[in-house]
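K.L.:
3D model of this:
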Amino acid sequence: MTFQFGLSKSGAPSTIPPVLFSLYTPAYLRTIKDKKQTQFSLPAGSMQLRGESHVELFKLNVEFIILFQLLEESIVTFVKNELKKFQKVLTPDYPEYLESQREDKKVLDGEDEEQRRSSREAFLKITLHFLRRMKQEELADCLQNICQRKLKTNQKKKFQCVFEGIAKAGNSTVLNKMFTEIYIMEGGTLKVNEEHEVRQIETASRKPDRPETIIRYEDIFKAPPGRDEPIRTVMTKGVAGIGKTVLTQKFTLDWAEGKANQDIQFIFPLTFRELNVLKEKTYSLVELVDHFFSETKEAGICRFEEFQVVFIFDGLDECRLPLDFHNTEILTDVTESTSVGVLLTNLIRGKLLPSARLWITTRPAAVNQIPAECVDMVTEIRGFTDPQKEEYFRKRFRDKNQASRIISHIKTSQSLHNMCHIPVFCWITATVLEKVLKTREGGELPKTLTEMYIHFLVVQSKLKNVKYDGGAETDPHWSPESRKMIESLGKLAFEQLQKGNLIFYESDLTECGIDIREASVYSGVFTQIFQEERGLYQDKVFCFVHLSVQEFLAALHVHLTFINSGVNLLAEEQSASLLPNAFRVKPKIKRLHQSAVDKALESPNGHLDLFLRFLLGLSLQTNQTLLRGWMTQTGNCSQTNQKTVEFIKTKISEDLSAERSINLFHCLNELNDGSLVEEIQQSLSSGSLSTNKLSPAQWSALVFILLSSENNLDVFNLKKYSASEEALLRLLPVVKSSNKALYVHTQLSRLNAVFL
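P.N.:
The predicted structure follows:
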């Protein structure tokens, strides 16, 4: 009699004589297994075996039996350890959901990370299957959501507090307490708006309430009425500082706290600043998630198709990864490694993990980096409405009288009131006015943008002197160390503004002559001006707290360079005098101003508009007083500024576009000149304005007055000014900013009908 047992070396079933089984004693097998022998000595009684084939067969089957015994022991040990962990995490008072993986390494010695993850994930499925067979649905659901609970806990810790204006320093603010609902509109386009972002804000601030679809941030993925297809990818655009990042943080925090979107299993918020530093590395999608979120790695999740996942990609405008939607290879496997650029491209176009939802935020200038066919819905953040501005300041200041005074003051300045549509500017304004109100009892508050930003710089310099240098509040504003730091930051701001960069890596700093260690010191001292960000295992990333701060420091650098050395950084050819200061011919700042005005007007997208306002405003005597101790020479600014004013008026009379003219009127405001506006204002008040006799400059002044008016532009009556086609074209910016325009003209040309 023979028995079939095991496989021969050829792969065919083996037959062994019955006497063989008497030799497989437990003691013998244990000896072989413990010693991990590969050379076997035959036990007593083996002489009954005949021929080499039986000996080889004996050895083969010993190996086979030992293999399965080892397999059984490994599986049992693994199962016991995993069940112990499951038992611990399902205990209500157990604080952490997974211990270290040391036990795994003992059990599965030599197994790579991917195999361990796959084993844990497979065993979790088996456990869930048996729990549900045992009618333990609640326990199964709880076990399945362990990783989600850990992720939610960490997201709550990360996002429950925010740092207004800055990311890493200063006093944190509870997000839920400070959060003011932000105005989000559906129906935007992926067309690039080439206006300066401040101009876009000023335009948005003049728009009355329209019958547009307002979206609550927690409903960002909900399909609007009449739409049947689900929304996979949402693009949200908005100018710098408008609140895009805070919005994504609030969305994630509400999910983590169980307040909204509980149908989502995982939310993975990422920034392009973090992703940029991985440009030269390769990851699979699973590995990329693991890199930023250790919770998924610990849980052994190696696929995401079974889960409802949301990826948030914040700051597309800061992306330095190659996103090629036409020539990039197709990738569909979440475990296949490739460059981060290829990974994101396939994720965005839906080839990789098509079940995932994506929320991408960006400044308006970068919306066209992603093809329209890859985006299901475009939304736009308009910033604070007027009631929301007041709500912000009343939350910021507990003293009701102080809050009311600040709100009233902001309303007196159109430029400040417009800028307060931007939450970050509200924070800057609150920081300045809080300090000024403490130190100037009953004194005058800053009215212009330039004055506000100089005071902001003074506040930060004072903070450095007192906090880090041991100085007193009464000490001069500018210590030598503060001046050196701000001069370096100004140079960086100007050179990077010319390149269009808002975030800087070590290579950018090196180009500007700033050592990476110096930059870290700057970010540690001037925490509310210049910030350093560093994620897990990542290089340092630097940026200014807001684009407007970068533009102001750039203007300050150009202004001080001209005043102290006579070098016009805006001129095509720059030259500096080699004579000592005492023998130099005093530089004529009007030349700097004129070249700045010309450069701003030449810009196709108005990217120097705010820079120009700051540069001109810095020449005011009141502002130069605040900069005393910084400039080697000052003088009578009024005569020079008057020449600049006349130059600007000449430019306005050249029949510029409405956008360029409006910015030049803002420049006149920074120079405290309102003569052209007052002239038209008086005519309007007296009813003697004759639009038939207006010059181009006067038409521009009229447009500026109407757009700056506090009166609601819901209905604009063109007939009140003129029934001519010229009036229609001249006042077109006002028409565009109103909901309805009343106009009567029986012979409107086809071209003007198209404009209308």
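
K.L.:
I figured V309 hits P269, correct?
P.N.:
No: here V309 lies out of contact with P269, judged by Cβ atoms under 8 Å, at a distance of 11.9 Å. Yep, even glycine has a C-beta here, placed from its N, CA and C like the rest.

K.L.:
Look at the two and report which has more neighbours.
P.N.:
P269 (21 against 18; other Cβ atoms under 10 Å).

K.L.:
Quick check: which element contains the more buried one?
P.N.:
Assigning secondary structure by DSSP states H and E places P269 in strand 266-271.

K.L.:
got any ranges where the stretch 601-750 of the chain has weak pLDDT?
P.N.:
Where the stretch 601-750 of the chain drops to pLDDT under 70, the residues are 631-639, 687-692, 709-714, 717-719, 721-724, 737, 739, 741, 743-750.

K.L.:
returning to that earlier point: can I have the strand holding P269 written out in CSV, keeping just the CAs?
P.N.:
The C-alpha trace of strand 266-271 is given here as CSV (Å, rounded to 0.1, in the frame of the first residue of the first chain):
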residue,chain,number,x,y,z
PHE,A,266,-10.7,60.7,4.1
ILE,A,267,-9.7,64.3,3.4
PHE,A,268,-6.1,64.9,2.4
PRO,A,269,-5.2,68.6,2.4
LEU,A,270,-2.0,69.4,0.5
THR,A,271,-0.3,72.6,-0.6
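
K.L.:
I'd like the next helix or strand past it.
P.N.:
Per DSSP H and E, the first helix or strand lying C-terminal to strand 266-271 is helix 272-276.

K.L.:
which is the next helix or strand following that following helix?
P.N.:
Downstream of helix 272-276, the next assigned helix or strand under DSSP H and E is strand 282-283.

K.L.:
contacts for that following strand?
P.N.:
Under the criterion Cβ atoms under 8 Å, 6 or more residues apart in numbering, residues 291, 337-340, 343 lie in contact with strand 282-283.

K.L.:
ok, now with 6 Å
P.N.:
Strand 282-283 has contacts (Cβ atoms under 6 Å, 6 or more residues apart in numbering) with 337-339.

K.L.:
Tell me the one of these nearest T450?
P.N.:
For these, the minimum distance to T450 (Cβ to Cβ) is 44.6 Å, reached by S339.

K.L.:
give me the beta-bridge partners of the closest one?
P.N.:
Counting by DSSP bridges, S339 is bridged to T282.

K.L.:
gap between the two ends of stretch 358-377?
P.N.:
End-to-end span of stretch 358-377 (Cα to Cα, to the nearest Å): 11 Å.

K.L.:
In it, which residues are buried?
P.N.:
358-367, 369-370, 374-377 (16 or more other Cβ atoms under 10 Å).

K.L.:
which two in those are spaced the farthest apart?
P.N.:
Distance extremes for the buried residues of stretch 358-377: the farthest pair is A365 and D376 at 21.6 Å, using Cβ to Cβ.

K.L.:
Helix, strand or coil: sort out F313 for me.
P.N.:
Here F313 is recorded as strand under DSSP: H, G, I helix; E, B strand; the rest coil.

K.L.:
Work out for me the element the spatially closest residue to it that is not a sequence neighbour sits within.
P.N.:
Nearest non-adjacent residue to F313, counting by Cβ to Cβ, 6 or more residues apart in numbering: I360, 4.8 Å away. Applying DSSP H and E as the criterion places I360 in strand 357-362.

K.L.:
other SSEs contacting that strand?
P.N.:
On a contact count with 3 or more Cβ pairs under 6 Å, 6 or more residues apart in numbering; DSSP states H and E, strand 357-362 meets strand 233-237, strand 309-314.

K.L.:
now the angle between strand 309-314 and that strand, please.
P.N.:
Our comparison of strand 357-362 with strand 309-314, counting by axes from the mean of the first three to the mean of the last three Cα atoms, to 10 degrees, yields an angle of 10 degrees.

K.L.:
Give me the contact list for stretch 669-688.
P.N.:
With contact meaning Cβ under 6 Å, 6+ apart, stretch 669-688 is reached by 448, 450, 613, 616-617, 641, 645, 689, 698, 701-702, 705.

K.L.:
Greatest separation within the residues you listed: which pair is it?
P.N.:
Spanning the widest gap among the contacts of stretch 669-688 are T450 and L689, at 31.1 Å by Cβ to Cβ.

K.L.:
Which of the two has more residues huddled nearby?
P.N.:
Neighbour count, other Cβ under 10 Å: between T450 and L689, T450 has more, with 26 against 18.

K.L.:
so which helix or strand takes in that one?
P.N.:
Using DSSP H and E, T450 sits in helix 449-467.

K.L.:
can you give me the mean pLDDT across whichever helix or strand comes after that helix?
P.N.:
Towards the C-terminus, the helix or strand next in line after helix 449-467, according to DSSP H and E, is helix 480-499. What helix 480-499 shows for mean pLDDT is 86.

K.L.:
Pull out the buried residues from helix 480-499.
P.N.:
Neighbour-count burial for helix 480-499, counted by 16+ other Cβ under 10 Å, picks out 482, 485-497.

K.L.:
and what of stretch 591-601?
P.N.:
Within stretch 591-601, the residues that count as buried by 16+ other Cβ under 10 Å are 592-594, 596-597, 600-601.

K.L.:
And for stretch 301-313?
P.N.:
Neighbour-count burial for stretch 301-313 [16+ other Cβ under 10 Å]: 301-302, 304, 307, 309-313.

K.L.:
Using CSV, write out the CA atom coordinates for stretch 340-351.
P.N.:
Taking C-alpha atoms only, stretch 340-351 is exported to CSV below (Å, rounded to 0.1, in the frame of the first residue of the first chain):
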residue,chain,number,x,y,z
VAL,A,340,4.9,64.0,-8.6
GLY,A,341,4.1,66.1,-11.7
VAL,A,342,2.9,63.0,-13.6
LEU,A,343,1.0,61.8,-10.5
LEU,A,344,-0.9,65.0,-10.1
THR,A,345,-1.6,65.4,-13.8
ASN,A,346,-3.2,61.9,-14.0
LEU,A,347,-5.1,62.5,-10.8
ILE,A,348,-6.5,65.8,-12.0
ARG,A,349,-7.5,64.5,-15.4
GLY,A,350,-9.3,61.5,-13.8
LYS,A,351,-7.1,58.7,-15.1
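
K.L.:
which other residues reach it?
P.N.:
Counting contacts by Cβ under 6 Å, 6+ apart, the residues outside stretch 340-351 that touch it are 275, 278, 321-323, 325, 328, 330-332, 352, 374.

K.L.:
Separate out the buried members of those residues.
P.N.:
So, by 16+ other Cβ under 10 Å, the buried ones in these are 275, 278, 321, 323, 328, 331, 352, 374.

K.L.:
can you tell me the helix or strand for the nearest residue to the third one once chain neighbours are set aside?
P.N.:
Of all residues not flanking L321 in the chain, G341 sits nearest, at 4.2 Å (Cβ to Cβ, 6+ apart). Assigned by DSSP H and E, G341 falls within helix 340-348.

K.L.:
re the thing from before, which among the helices and strands packed on strand 357-362 is found nearest to E659?
P.N.:
Among these, the nearest to E659 by Cβ to Cβ is strand 233-237 (19.1 Å).

K.L.:
What strands flank the closest one, and is each parallel or antiparallel?
P.N.:
Using DSSP bridges, the strands paired with strand 233-237 are strand 357-362 (parallel), strand 377-383 (parallel).

K.L.:
ok and it relative to helix 340-348, angle-wise?
P.N.:
Going by the same axes, to 10 degrees, strand 233-237 makes 110 degrees with helix 340-348.

K.L.:
re earlier: the strand holding P269 to strand 357-362, inter-axis angle?
P.N.:
With the same axes, to 10 degrees as the basis, strand 266-271 and strand 357-362 are set at 20 degrees to each other.

K.L.:
what mean pLDDT does strand 266-271 have?
P.N.:
Taken as a whole, strand 266-271 has an average pLDDT of 92.

K.L.:
ok, now stretch 150-164?
P.N.:
pLDDT averaged over stretch 150-164 gives 73.

K.L.:
contacts for the helix holding T450?
P.N.:
415, 428, 432, 435, 446, 471, 475, 477, 479, 482, 525-526, 528-529, 552, 614, 617, 623, 626, 670.
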